[in-house]
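# Generate coordinates for the sequence data below:
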Amino acid sequence: MVRAVIAIHGGAGAIARASMSAGKEQRYIQALSEIVASGQAILASGGSALEAVTEAVRLLEECPLFNAGKGAVFTHQGSHELDASVMDGRSLEAGAVAGVRTVRNPVLAARAVLENSPHVMFTGEGAEKFAAAQGLEMVSPDFFSTSERREQLQRALQSEGVMLDHDGAAHTSDDPLDADRKFGTVGAVALDLAGNLAAATSTGGMTNKQPGRVGDSPIVGAGCYANNANVAVSCTGTGEVFMRTLAAYDIAALMEYGGLSLKEASDRVVMEKILVLGGSGGVIAVDREGNVALPFNSEGMYRGYGYVGDAPNIGIYREK
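Here you go, the predicted model:
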C-alpha cells in the first residue's frame, strides 16, 4: 500500500535569530503548513504527484515570503528574471523556463512546456510567447516587486556582491533566515497513490545577479529530477555548484547504481559532494517507497512534508 506524501522547501540559508520576530516566524510556519496541506488534499483525492507539486510550487510563487514569483529578488539592473522546472517521474518528461519576466507563475509555464511542447526548455522572450500562447496569466514586470526585495538589492549594491556572499552586517529584516544570506528557491516533490513521483522547482535567482544568469532551478538533473525507478528531488542552494555536481540526478544515480538508500544518497550529495566545492544549501527528496529526506548543510532550510492523513510536519532550523 503506497503512502502518498508531499514535501516542500522555501529556500535555505543562514539563521538570523538576533533580528527574528516571533510573528514573522509564525507566518512562515503557517504558509508552509497550508501549502503542504493543499498538496496532501490533492493526493488524498487521487490527484497525481505532478498535479500536487505544480500546485504547491504555484502557491509558493504566490507567497511574497519566498523568492519565487511574487516577492522575487532583483537583478543588478533592478529587474526580475524567473526560472522554473517540473519533471514527471512516470514518463521522464520535463518542462522548464528560464529568464521570464512577465509570466505570473513560471511553474505553470514549465508544466505547459512538459505537456504541450516537444521541447524541454524555453528561455526569455520565447518562453514568454509560449506561455502567452498557452493562455497563462501574464503580468507587468513590477508585479513581482516588493519593498523588502528592493531594500535587499540596495544593500547588495552597497556591498558590491550578490547576496549569497553578503555577510549580513546591514541585515535589518526579521526573517527567521537572513534574507541577505538565503538561497531563494522553492520546490516540491511528491509520491501519489498510484506510485508515481514528480518534482518541481522555481526561483527568482540571486539578489544582484547579472542579467541573463541562470542557476540550477530550471535545469533537469541539477535543481530538479524525478524518476519512478527511485526518487524525486528538488534542490536549493549555491546554484552553480548544484549544476556542476548534477546534484538532483546524482542522488538518483547513487541509489540506482550504488545501491544507496535515500538518506545515504542525499546525505552523500549535500553533506559531502556539495561542501567539497564550497557549496551550501539542501534538498528535499522522496523515494518510491515514500521515504522522505530533507538534508541541508546550511544553518536552516524552510521545509515541510506530510503523508496523506497526517498533520504537516514543518521545520526551519536544524533539528536538535
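# what's the next secondary structure element after the helix ranked longest in the chain?
Longest helix in the chain by number of residues (criterion: DSSP state H): helix 22-44. Note on helix 22-44: by DSSP states H and E, the next helix or strand toward the C-terminus is helix 49-62.
# Quick one: mean pLDDT over stretch 116-127.
Regarding stretch 116-127, the rounded mean pLDDT is 98.
# from the chain's centre, how far out does it sit?
20 Å (C-alpha atoms, centre = their mean, to the nearest Å).
# Restrict it to CA atoms and write it as PDB.
Extracted in PDB, the C-alpha atoms of stretch 116-127 (Å, rounded to 0.1, in the frame of the first residue of the first chain):
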ATOM      1  CA  ASN A 116       2.300  20.800 -24.900                       C
ATOM      2  CA  SER A 117       5.700  21.100 -26.400                       C
ATOM      3  CA  PRO A 118       8.300  18.700 -28.000                       C
ATOM      4  CA  HIS A 119      11.000  20.800 -26.300                       C
ATOM      5  CA  VAL A 120      12.100  20.700 -22.700                       C
ATOM      6  CA  MET A 121      13.200  24.300 -22.100                       C
ATOM      7  CA  PHE A 122      12.300  27.800 -23.300                       C
ATOM      8  CA  THR A 123      14.200  31.000 -22.300                       C
ATOM      9  CA  GLY A 124      13.400  34.700 -22.200                       C
ATOM     10  CA  GLU A 125      11.100  36.100 -24.900                       C
ATOM     11  CA  GLY A 126      10.500  32.700 -26.400                       C
ATOM     12  CA  ALA A 127       9.300  31.300 -23.100                       C
END
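# Report the buried residues of that stretch.
Using 16 or more other C-beta atoms under 10 Å as the burial criterion, the residues of stretch 116-127 that qualify are 120-123, 127. Where C-beta positions appear, they are placed from N, C-alpha and C, glycine not excepted.
# Can you tell me which of those end up in strands?
Among those, the residues falling in strands (DSSP state E) are 121-123.
# Surely E148 touches G184?
No. Using C-beta atoms under 8 Å, E148 is not in contact with G184; the gap is 11.9 Å.
# ok, the buried residues of stretch 116-127 vs L260, which is closest?
Closest approach to L260 among those (C-beta to C-beta): V120, at 27.3 Å.
# Could you find the closest non-adjacent residue to that closest one?
Once flanking residues are discounted, V120 sits nearest to A94: 5.4 Å by C-beta to C-beta, 6 or more residues apart in numbering.
# The one you found against E115, yeah?
No. The pair A94 and E115 fails to qualify as a contact (C-beta under 8 Å) at a distance of 10.8 Å.
# quick one: which of these two has more around it?
Comparing A94 with E115 by neighbour count (other C-beta atoms under 10 Å), the higher total belongs to A94, at 22 against 13.
# which residues does the more buried one contact?
A94 makes contact with 85-88, 114, 120, 220, 224 under the criterion C-beta atoms under 8 Å, 6 or more residues apart in numbering.
# D178: which element?
Assessed by DSSP H and E, D178 sits inside strand 177-183.
# immediately after that strand, which helix or strand?
Per DSSP H and E, strand 177-183 leads on to strand 185-191 as the next helix or strand towards the C-terminus.
# and the helix or strand following that following strand, what's its mean pLDDT?
For strand 185-191, the succeeding helix or strand toward the C-terminus, using DSSP H and E, is strand 197-203. For strand 197-203, mean pLDDT rounds to 97.
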